[in-house]
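In: no sequence for this one, just the structure:
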């Protein structure tokens, strides 16, 4: 489980080697909702698939602020790694653990108690409301697991290790794929089974990741304690703008969904399938952003600005190449919607 030092060595090769496991990890994470949608759409129907789609928009909106803090964690921790400040790394790691735990618990509780109101605000059709509410509430109960193993992944990437998080996510996705049909059809739990399978798999992945990191001492985790005021101030100064940016994006998706739901379950199902494809298309750019953040952070920590500039330039060129390649591939994806949506109306919505 190699940790890279990005303050020296060839940057182009480092960027490619470091970003590829992140792309694979992001692709596997997107597959959670895709696998849920695949099984729900085929085993239950369009109404249940629409319920999952509406709930997923709310879940993403609730989590957006903590996603911003996760990005702030990558920035701060990678800078401490670059400076080789072990004490500072341990202190900020503790501060993030405390803040992420409290905020995850608070937002999970808020999402659970306000699930019905949030879904009604989005104009969720009556025939979807029950399934959407249950799916949302179960996911809110497990939000701590989701951010637990995602945060462990962020910590490892800040230290220059993008492969270890891939192992955690791979285990969770494989388990989720096996549990989904068992919980949905085998136990007859329906949409609730899809949500339960996701939470169980994420919880086990979090425990597995925590065990590996602690047993092999891959990161300087300590018993949580009250962080210093300046540590909290720096985290919030970087995390709040990033969190608000994510919240605005997710609020836009929620606003679109509130309009889409008025057209019925078939349109919602097709729209949700198109959203999944859109998420996959954006994965390379997101992975490159994470890689550039970590690599630049280490060099910012020791004030190597020339390397920081080169990292940013290589990231832009790499991203441009990948986006052009994806644009070509999209022309051949007209039939993707039929994987999760079988009705003609749903497929038409997907194409639009």
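Out: Done, it's in. Keep in mind that this is a model prediction, so the values were computed, not measured. Numbering: from 1, shown residues only.
In: C-alpha from now on. contacts and neighbour counts both.
Out: Noted.
In: And for the residue lying closest to residue 181 once chain neighbours are set aside, the neighbour number?
Out: Spatial nearest neighbour of residue 181, excluding adjacent residues (CA to CA, 6 or more residues apart in numbering): residue 39 at 6.6 Å. The tally of other residues near residue 39 (other CA atoms under 10 Å) stands at 21.
In: before we move on, what SS does residue 39 have?
Out: At residue 39, secondary structure determined by DSSP: H, G, I helix; E, B strand; the rest coil is helix.
In: And for residue 221?
Out: Residue 221 - assigned by three-state DSSP - is coil.
In: On the pLDDT front, check it for me.
Out: The model reports residue 221 with a pLDDT of 82.
In: Could you pull up the residues touching residue 198?
Out: Residue 198 makes contact with 32, 139, 176, 180, according to CA atoms under 8 Å, 6 or more residues apart in numbering.
In: Could you do residue 223 as well?
Out: Listed by CA under 8 Å, 6+ apart, the contact set of residue 223 reads residue 94.
In: now swap in residue 15 and tell me
Out: So residue 15 contacts 291-292, 295, 311, 314-315 (CA under 8 Å, 6+ apart).
In: Could you list which of those residues belong to helices?
Out: Of these, the ones assigned to helices by DSSP state H are 291-292, 295, 311, 314-315.
In: quick one: low-confidence ranges for the chain?
Out: 1-3, 33, 253-254, 257, 261-262, 264-279, 330-352 (pLDDT under 70).
In: quick one on the thing from earlier: from residue 53, how far off is the residue nearest to residue 181?
Out: 13 Å (CA to CA, to the nearest Å).
In: and if you look at residue 229?
Out: Taking CA to CA, one finds residue 229 at 40 Å from residue 53.
In: Mind checking which of the two has more residues around it?
Out: residue 53 (27 against 9).
In: Which of the helices or strands spans the more buried one?
Out: Residue 53 belongs to helix 46-83 when assigned by DSSP states H and E.
In: same for that helix, what does it pack against?
Out: helix 11-43, helix 86-113, helix 115-121, helix 126-141, helix 143-158, helix 229-260, helix 265-301 (3 or more CA pairs under 8 Å, 6 or more residues apart in numbering; DSSP states H and E).
In: Switch those over to JSON lines; also include distance to residue 167.
Out: Shown next, in JSON lines, are the helices and strands packed on helix 46-83 (distance: least, CA to CA, whole Å):
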{"stretch": "helix 11-43", "distance to residue 167": "8"}
{"stretch": "helix 86-113", "distance to residue 167": "21"}
{"stretch": "helix 115-121", "distance to residue 167": "32"}
{"stretch": "helix 126-141", "distance to residue 167": "22"}
{"stretch": "helix 143-158", "distance to residue 167": "10"}
{"stretch": "helix 229-260", "distance to residue 167": "26"}
{"stretch": "helix 265-301", "distance to residue 167": "16"}
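In: Any idea which of those gets closest to residue 168?
Out: Smallest distance to residue 168 across the helices and strands packed on helix 46-83 (CA to CA): 7.6 Å, for helix 143-158.
In: tell me what the closest one is packed against?
Out: By 3+ CA pairs under 8 Å, 6+ apart, helix 143-158 packs against helix 46-83, helix 86-113, helix 164-181, helix 191-215, helix 265-301.
In: Swap in 7 Å and give it another go.
Out: For helix 143-158, the packing partners by 3 or more CA pairs under 7 Å, 6 or more residues apart in numbering; DSSP states H and E come out as helix 46-83, helix 86-113, helix 191-215.
In: what about the residue nearest to residue 37 when sequence neighbours are not counted, how many neighbours?
Out: Nearest residue to residue 37, sequence neighbours excluded (CA to CA, 6+ apart): residue 49, at 5.9 Å. Using other CA under 10 Å, residue 49 has 32 neighbouring residues.
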